[in-house]
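>>> the following comprises the amino acid sequence and a computationally predicted model.
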Amino acid sequence: MSFEEQQKIADFLDKKTAQLDKVKALLEEQIQKLKDYRASLIYEVVTKGLDKTVPMKDSGIDWIGQVPEGWGVKPIKHVVATPVTDGPHETPLLCETGIPFLSAEAVKNGVLDFNYKRGFISLQDHERFKKKISPKKDDIFIVKSGATTGNVGIVNTDEIFDIWSPLALIRCKKSLAVQKYIYYYLISNIFKAQVEFNWSFGTQQNIGMGIIENIKLILPPLSEQTKISDLLDKKTYQIDQLIQIKNKQIENINKQRQTLIYDYVTGKRRV
């Protein structure tokens, strides 16, 4: 290939990849705006409710400010069905098959993602571990140590599994709180702010069990908790679908960019 042709290919690829990169950057900007909107929607609804005409009252807590009439503020420990607890602190031997074993890295995008499990543990270890904590569908887990401290994931499967000590369980009393509402509250910025204010640093950031159980929840009546969680289920699903579409478009652009460069530098296509 002559120097002149190399230069033509380089100039051509500069132009074409710049066009693709511009489209990709626009899509990434749109995704961030959707994520920001999702976060602001959740925050607004779990702190102010659905009816903006409802009179407001002082919550009694400076950093929370006003909440709608009929709403209350309680620490997590006052609404749970079982005490806030973490997984066993014992490090089990991982196996090729057995009971899935999950830790902090499995908390992804608001759920416990089994694709990121640590591995499997034996039935014998499972029988011992479940005496402390036996996860089930709709349980909420908070990462209490490590780089992702404060991240929250809900269990969306009936599959049997075990968790390790970096995860803390939140399971609410049905007569006091709607589990899905609490989930949305815990993924909101108001919860994240409480976690970041209270976490401590050793070799890594962490929050103690005492901190978690005393984190404040803004609680509407049960019927309104259900309405809020139903609305957020619908709205966040729609937003997540749009984000998924745009991520797929970015994936296609990346593939197109790689193919474009490969085809021209290998001579499969000519300028």
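In hand now; what should we look at? Small disclaimer: the values here were computed from a predicted structure and weren't measured.
>>> now do the helices in the stretch 151-271 of the chain.
Counting by DSSP state H, counting those that start in this stretch, the stretch 151-271 of the chain has helices at residues 179-186, 189-198, 209-213, 222-265.
>>> residue 4 - how many residues pack around it?
By other C-beta atoms under 10 Å, the residues close to residue 4 number 8. Bear in mind the C-beta positions are built from the backbone N, C-alpha and C, glycine included.
>>> where does it fall, phi/psi-wise?
Main-chain dihedrals, residue 4, degrees, to the nearest 10: phi -60, psi -40.
>>> can you report phi and psi for the closest residue to residue 220 other than its chain neighbours?
Closest residue in space to residue 220, ignoring its immediate chain neighbours: residue 71 at 4.9 Å, by C-beta to C-beta, 6 or more residues apart in numbering. Dihedral pair for residue 71: phi -90, psi 160, per degrees, to the nearest 10.
>>> distance check, residue 71 against residue 262.
Relative to residue 262, residue 71 is positioned 59 Å away (C-beta to C-beta, to the nearest Å).
>>> which one of the two is surrounded by more residues?
residue 71 (19 against 11).
>>> returning to what we had before: hang on, isn't the residue nearest to residue 220 packed against residue 217?
No: using C-beta atoms under 8 Å, residue 71 is not in contact with residue 217, being 10.3 Å away.
>>> residue contacts, residue 196?
Neighbouring residues of residue 196 by C-beta atoms under 8 Å, 6 or more residues apart in numbering: residue 150.
>>> tally of neighbours for the residue nearest to residue 35 when sequence neighbours are not counted?
Nearest non-adjacent residue to residue 35, counting by C-beta to C-beta, 6+ apart: residue 243, 7.0 Å away. A count of nearby residues for residue 243, using other C-beta under 10 Å, gives 17.
>>> what sits against residue 243?
31, 34, 35.
>>> list only buried entries from the residues you listed.
Buried by 16 or more other C-beta atoms under 10 Å: 31, 34, out of these.
>>> got a pLDDT number for the closest residue to residue 78 other than its chain neighbours?
Sequence neighbours aside, residue 176 is the residue nearest to residue 78 in space, at 7.6 Å (criterion: C-beta to C-beta, 6+ apart). pLDDT for residue 176: 94.
>>> who touches residue 176 in this structure?
78, 79, 219, 222.
>>> and it, how far from residue 82?
Taken as C-beta to C-beta, the span from residue 176 to residue 82 is 13 Å.
>>> low-scoring stretches of the protein, by residue?
1, 199-204 (pLDDT under 70).
>>> in it, which residue is closest to the centre?
The chain has residue 110 as the residue nearest its centroid, 2.8 Å off, counting by C-alpha atoms, centre = their mean.
>>> surely that one touches residue 142?
No: here residue 110 lies out of contact with residue 142, judged by C-beta under 8 Å, at a distance of 11.9 Å.
>>> intersection of neighbour lists for those two?
Shared contacts of residue 110 and residue 142, counting by C-beta under 8 Å, 6+ apart, come down to residue 152.
>>> what's next to stretch 256-271, contact-wise?
1, 5, 8, 9, 12, 13, 16, 17, 20, 21.
>>> then stretch 59-66?
The contact list for stretch 59-66, computed with C-beta under 8 Å, 6+ apart, reads 47, 56, 57, 58, 67, 71, 73, 190, 193, 216, 218.
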